[in-house]
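have a look at this fold, sequence not included:
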DNA sequence: AAAAGCCCCTGGACGC
DNA sequence: TGCGTCCAGGGGCTTT
């Protein structure tokens, strides 16, 4: 489910719950998710105060007073549910739901968990945070803060697309000489970290670029950015920013409380729209679905060249 | 080395 | 109603 905007939104929702709280107890309901959970996972978290949360690419990093960082990746189907303390306000609950985090009533019966509720955090502020992940492509681990950047999950990650480095020149330099398609180029987490299948499709539509075009065409013979790179950089930033904003203001009119993609899914121009008309004024083409590297790509064959 | 393919896993949508 | 097939927002690992 989650690409950068969804992870950002979830992280923003979890931050006020976790920050400054002490993790009283961790209920680990299986020994592995995608990977085995680390040795003494629960014991290393229990009694520890949370300092702050940060998103990096599609990871949520929970910085702990113990010096370790709880690193969480939601894979395809990872979700958080919050059980607020009984006295919490309706305003707070609605705020959480706007951050794509669903609310549930406290479980009276401890054994009433879903089979996909894998990890449960009990906090000293009265909140309970439940991690649910049917496909178990998500994972959690504990890494010492001073080893975070060199950990294999992070050491090869590319730039954060919303932190200023995503310029036409950056795209040209990174793409120069690359024979892969633009689709594969943008999905490569070693170059830009956080884009996934949806936002790559949407960004390429906004930039008017075919997903099949060679990445190398973002640069000219001297490695300078072409007009394509000039269009692509702001297209990526724009679609991500709008999706994050939609994640924060979406659910008021949208009753699906599990959040998945917030409201932004109603704004998709190409993703999941195969056979539907292109939204560009005066374009009579139909959105097409193709396979690239085994994954669906959606694009307008007329607007995207 | 770069690029492409395979696979992990469950559930929902669809056709018969 | 039930069963089989296909598909899914990720990414690590293996093969070419």
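Received, thanks. Keep in mind that what you see is a predicted model, and the values were worked out from it rather than measured.

residues near residue A:177, how many?
Other residues near residue A:177 number 10, with proximity taken as other CB atoms under 10 Å. Where you see a C-beta, it was placed from the backbone N, CA and C, and this is true even at glycine.

next one: residue A:171
Neighbour number of residue A:171 under other CB under 10 Å is 26.

I'd guessed it sits against residue A:230; true?
No - contact criterion CB atoms under 8 Å: residue A:171 and residue A:230 do not qualify, at 9.0 Å.

which neighbouring elements make contact with the helix or strand hosting residue A:243?
Residue A:243 is part of helix A:227-248, with elements assigned from DSSP states H and E. Applying 3 or more CB pairs under 8 Å, 6 or more residues apart in numbering; DSSP states H and E, one finds that helix A:227-248 contacts helix A:4-18, helix A:168-175, helix A:197-207.

DNA strand B: which of the ones you listed is closest?
Closest of the helices and strands packed on helix A:227-248 to DNA strand B is helix A:168-175, at 9.3 Å (criterion: CB to the nearest atom of the strand).

mind listing residues that contact the helix or strand that comes right after the closest one?
Toward the C-terminus, helix A:168-175 is succeeded by helix A:182-187 as the next helix or strand (DSSP H and E). Under the contact criterion CB atoms under 8 Å, 6 or more residues apart in numbering, helix A:182-187 has outside partners A:174-175, A:178, A:191-192, A:195-197, A:200-201, A:203-204, A:209-215, A:217-218, A:236, A:292-293, A:295, A:297.

contact partners for the residue of chain A found nearest DNA strand B?
Proximity of chain A to DNA strand B (CB to the nearest atom of the strand) peaks at residue A:135, 3.4 Å away. The contact partners of residue A:135, taken as CB under 8 Å, 6+ apart, are A:75, A:76, A:77.

mind redoing it with 6 Å?
Residues near residue A:135 by CB atoms under 6 Å, 6 or more residues apart in numbering: A:76, A:77.

quick check: phi and psi at it.
For residue A:135, the backbone dihedrals (degrees, to the nearest 10) come out as phi -80, psi -20.

how much space separates it from residue A:77?
4 Å (CB to CB, to the nearest Å).

and residue A:188, how many neighbours does it have?
16.

under the pLDDT cut-off, which ranges of the stretch 201-305 of chain A? List them.
Residues of the stretch 201-305 of chain A that meet the criterion pLDDT under 70 lie in A:248-263.
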